[in-house]
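Participant: Need a 3D model of the sequence below.
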Amino acid sequence: MPTFEIEVNGGRFQIDAPDEQALGIAIRQLQAGTQAQGTAKAPPSGPLDARDNLLGKVDAGVRGLADTLSFGGADEIAAQVKSGPLTTQKAPDEYYERGIYSGSYNPLGMFARAINAPFASDTKTADFEKALDEERAIDDSDSKNRFAQRLTGQILGGVAGGAAMAKVGLSPTAKAISSGKGLAGVTKASAVDGAVLGGAQGFGSGEGLEDRLYNAGLGAALGFGSGAALPAVTTAIGGAVKGVAAPFIAPFKPEGYADKAMSAYLRRSGKTPEQIASIMRSAADDGQGMYSIADAMGNAGQRALVPVTRTPNDARQEVTDFLIRRQLGQPQRLAGALAEGFDAPQTSDQFARALTSARDLEADALYGAARREAGAVNVSPILERIDETLSPGVNRIVSPRDNISNDTIEGALQRFRRMISDGDSQVTDFNALFRAKLDLDDMIAQAEGRGAGNRAHYLSQVKREVDRALENASSIYRTANDRFAKQSRVIDTVAEGSAARSGRVRSDDSIGAFADMTPEQQQAFRTGYVDPIIADIESKPMGPVTNRARSLTTPKYEQEFQAFAAPGRAEQLGQRIGRENRMFETANAALGNSKTADNFGDIEDLFNYDPTIMVNLLSGNMKQAALTGIRQAFNAGKGMPPRVVERVGRSLIETNPDAALNILGKAQRRQISRDQLRALIVSSLLNSSGAGVGRATSP
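Facilitator: A predicted model of the protein is given here:
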């Protein structure tokens, strides 16, 4: 390479230049600068890099972004635009003379020629190849001379593409995260995502169909592996960062950590904030306004209260008192629910006495009217009925044959016979026979009360004849008798209802009998049925660990409650009993079982150390002691210090449906925002890694 000595700006320089063009460039550079006298080297022969400036660097970044967003097809898209975006290579004439186009007057061939003619170009293929070579030359130059700018653009393209896919729902990984799936579910979706993106990038970065298919397969395999690993890596990194930050942030800003915990419990419950609020509102409408968020969540809410009541925090006493007071009120709530469900505000005795009093008052009025309008009575049929039994005794009186006394049945019948006849004359006055009938009623009642069933049987036969004679003498008496019998039947069903609750009575039998009753009888049956159940509930010992609702959930009761409850109240009654069971389960989960955890919590609160660590150390169980210490650190790292536990505990015992909707809605919105951010990040990383995988597969 020749050397030239040049004087520029008062200084002498020796310049090594391959030709005059390079020498001229070196001289212009020296003239523009203030370099001291010495030796200068000319730039290589050829033109300067026109993209070695700010605009070129920006363009390199834009081209890198477009390359990622187009899955490696940006150079081909640009070449298509440069060579005519709508043009195609002109087909040879013989193309339209074979296959479906063959034939001089074939309309398909004529139509194809007409359609293709405006877009056909003789140089399309050559123009496209030339433009493609230019685009790839620029990309190669950027990769070598503006690597940082091009890489930045590619990363931004991956982020933008991943975010866009997550937002429009095209990312399985984003969907898995948003739906609350665990690490296994997210990993599976991420592996699929990675395989698809890696395959797409590999296909777009290839040359020719065979090469593209090969690169697509290789990219899919690499993308599957990177996608499967990404969730675990991001979870580990995120957990480490949160674990370091949480103990320092959570005590001072517990709201976010409490919302995160509530969101997790809500997700485990499988319900939405609106569903939780609706459940609580229904409970309040049914008189169970103490139904809380923890109850409505089910097992998830119940288990969430355990750390609140078993670890030292300021809400511990408040939550415990709430659960105990609520459980102590269970007997009154159940008694009220049963009374309302069966429409039985009175006890069975009160109800029967009220029915009896109403029956007697009405009977007095009706029988009085019957006596006033009655005519003469005929007692001959009554005497005939009595004499069917007494004939042997009567004959003995007329013609004594022995000294054998009458039995009690004969004595009772003879007594009544003498009330209506002296042997020569008979009673014809309605009132006189009616009074005798009242005495007969008392005789029957006394016989039944003394267990003299046979005597009561014969007297009842006579009573039927007496009623028939009175009815023949007065139409009003017949009405009064029917009314009295009907009301008496209603009164009797109170006792039938009380007997039906016994385990010795089959549900199918009592339900069938109930269905055949009149509405008045059914209500009397309900009162008799539910009164002893309420009495049992109210008589059981009180206490926070006693569940009186449990005894109401046997198959017999569940079947009978549905059949016997007042019209339209069976469903509400079942829901009330179900809620009482749920509220007991909540209290039992939080307060019941062993008190060891409570004791350890109290000791830890007093002495500021975990006694289980000391117990394991003293027993020589170093491994368990270390694991306990790690668990303590992990719990602190999860952001569950006392202030967070307090907020969670107070939220879980909230009973106002509107407040519950606000608490859970805010927690859900925060979690959705976190999930969306996580989904965007993971999807962006997947898209970026897919682009990297695609580049790795290209030659």
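Participant: What ranges does the protein have for its strands?
Facilitator: 3-8, 11-16, 38-41, 88-89, 120-121 (DSSP state E).
Participant: tally of neighbours for Leu390?
Facilitator: Neighbours of Leu390 under the rule other CB atoms under 10 Å: 20. Backbone N, C-alpha and C define where each C-beta goes, glycine included.
Participant: That one is in contact with Ala412, isn't it?
Facilitator: No. Under the criterion of CB atoms under 8 Å, Leu390 makes no contact with Ala412, lying 10.3 Å away.
Participant: shared neighbours, those two?
Facilitator: The contact sets of Leu390 and Ala412 do not overlap (CB atoms under 8 Å, 6 or more residues apart in numbering).
Participant: re earlier: mean pLDDT for the strands of the chain: which is lowest?
Facilitator: Lowest mean pLDDT within the strands of the chain: strand 38-41, at a mean of 48.
Participant: quick one: Gly61 from Asp139, how far?
Facilitator: Distance of Gly61 to Asp139, given as CB to CB, to the nearest Å: 12 Å.
Participant: who has more neighbours, the two?
Facilitator: Gly61 (21 against 18).
Participant: Might you report the residue contacts of that one?
Facilitator: Taking CB under 8 Å, 6+ apart, we find Gly61 in contact with 149-150, 152-153, 156.
Participant: can you pull the contacts of the nearest residue to it once chain neighbours are set aside?
Facilitator: With CB to CB, 6 or more residues apart in numbering as the criterion, Gly61 has its nearest non-adjacent residue at 3.7 Å, and that residue is Gly153. Taking CB under 8 Å, 6+ apart, we find Gly153 in contact with 60-68.
Participant: What about those residues, which one has the most neighbours?
Facilitator: Thr68 (28 neighbours).
Participant: returning to what we had before: rebuild the contacts of Gly153 as TSV, extending it with distance to Ile653 and pLDDT.
Facilitator: TSV is the format used below for these (distance: CB to CB, whole Å; pLDDT from 0 to 100):
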residue	distance to Ile653	pLDDT
Ala60	61	81
Gly61	56	80
Val62	57	85
Arg63	60	82
Gly64	56	76
Leu65	53	76
Ala66	56	78
Asp67	57	75
Thr68	52	73
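Participant: returning to that earlier point: hey, what's in contact with both of Gly61 and Asp139?
Facilitator: Arg150.
Participant: The nearest residue to Phe322 once chain neighbours are set aside: what's it in contact with?
Facilitator: Closest residue to Phe322 apart from its sequence neighbours, by CB to CB, 6+ apart: Ile653 at 5.0 Å. Ile653 sits next to 292-294, 305, 318-319, 322-323 when contact means CB under 8 Å, 6+ apart.
Participant: Gly574: what's it in contact with?
Facilitator: Gly574 neighbours (CB under 8 Å, 6+ apart): 558, 561-562.
Participant: Just the buried ones out of these, please.
Facilitator: Phe561 (16 or more other CB atoms under 10 Å).
Participant: quick one: which of the contacts of Gly574 is nearest to Val648?
Facilitator: Checking those against Val648 with CB to CB, the nearest one is Glu558 at 35.2 Å.
Participant: and the gap between the closest one and Asn588?
Facilitator: From Glu558 to Asn588 the distance is 21 Å (CB to CB).
Participant: One more: Arg643?
Facilitator: 27 Å.
Participant: more neighbours, those two?
Facilitator: Legend: neighbour count by other CB under 10 Å for Arg643 and Asn588, higher for Arg643 (19 against 16).
Participant: and Pro43, what pLDDT?
Facilitator: So, for Pro43, pLDDT stands at 46.
Participant: swap that for Gly543, sorry
Facilitator: We have a pLDDT of 69 for Gly543.
Participant: can you put the contacts of Gly153 in JSON lines and add distance to Gln668?
Facilitator: JSON lines is the format used below for those (distance: CB to CB, whole Å):
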{"residue": "Ala60", "distance to Gln668": "44"}
{"residue": "Gly61", "distance to Gln668": "39"}
{"residue": "Val62", "distance to Gln668": "39"}
{"residue": "Arg63", "distance to Gln668": "42"}
{"residue": "Gly64", "distance to Gln668": "39"}
{"residue": "Leu65", "distance to Gln668": "35"}
{"residue": "Ala66", "distance to Gln668": "38"}
{"residue": "Asp67", "distance to Gln668": "39"}
{"residue": "Thr68", "distance to Gln668": "34"}
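Participant: Surely Glu255 touches Arg647?
Facilitator: Yes. Taking contacts as CB under 8 Å, Glu255 lies within contact range of Arg647: 7.1 Å.
Participant: Among the contacts of Gly61, show me the least confident.
Facilitator: In terms of pLDDT, Leu156 ranks lowest among the contacts of Gly61, with 72.
Participant: what's near enough to touch the closest residue to Pro345 other than its chain neighbours?
Facilitator: Setting aside the residues directly before and after it, Pro345 is nearest to Ala339 in space (CB to CB, 6+ apart), at 5.7 Å. By CB under 8 Å, 6+ apart, the residues touching Ala339 are 345, 530, 534.
Participant: Would you mind measuring from Ala339 to Ala570?
Facilitator: 14 Å.
Participant: which intervals of the stretch 251-400 of the chain have sub-threshold pLDDT?
Facilitator: Along the stretch 251-400 of the chain, the model assigns pLDDT under 70 to residues 251-254, 392-400.
Participant: Any idea how many residues pack against Phe119?
Facilitator: That count, for Phe119 with other CB under 10 Å as the rule, works out to 13.
Participant: Next one, pLDDT for it please.
Facilitator: Per-residue confidence (pLDDT) for Phe119: 71.
Participant: Which of the contacts of Gly61 sits closest to Arg450?
Facilitator: Nearest member of the contacts of Gly61 to Arg450, counting by CB to CB, is Leu156, at 104.7 Å.
Participant: Let me know the distance separating Thr493 from Gly568.
Facilitator: 21 Å.
Participant: who has more neighbours, the two?
Facilitator: Neighbour tally, Thr493 and Gly568, criterion other CB under 10 Å: the higher count belongs to Thr493, 26 against 7.
Participant: That one reaches Met517, doesn't it?
Facilitator: Yes. If you go by CB under 8 Å, Thr493 and Met517 touch, sitting 6.5 Å apart.
Participant: list residues touching both of these two?
Facilitator: The contact lists of Thr493 and Met517 share Phe525, where a contact means CB under 8 Å, 6+ apart.
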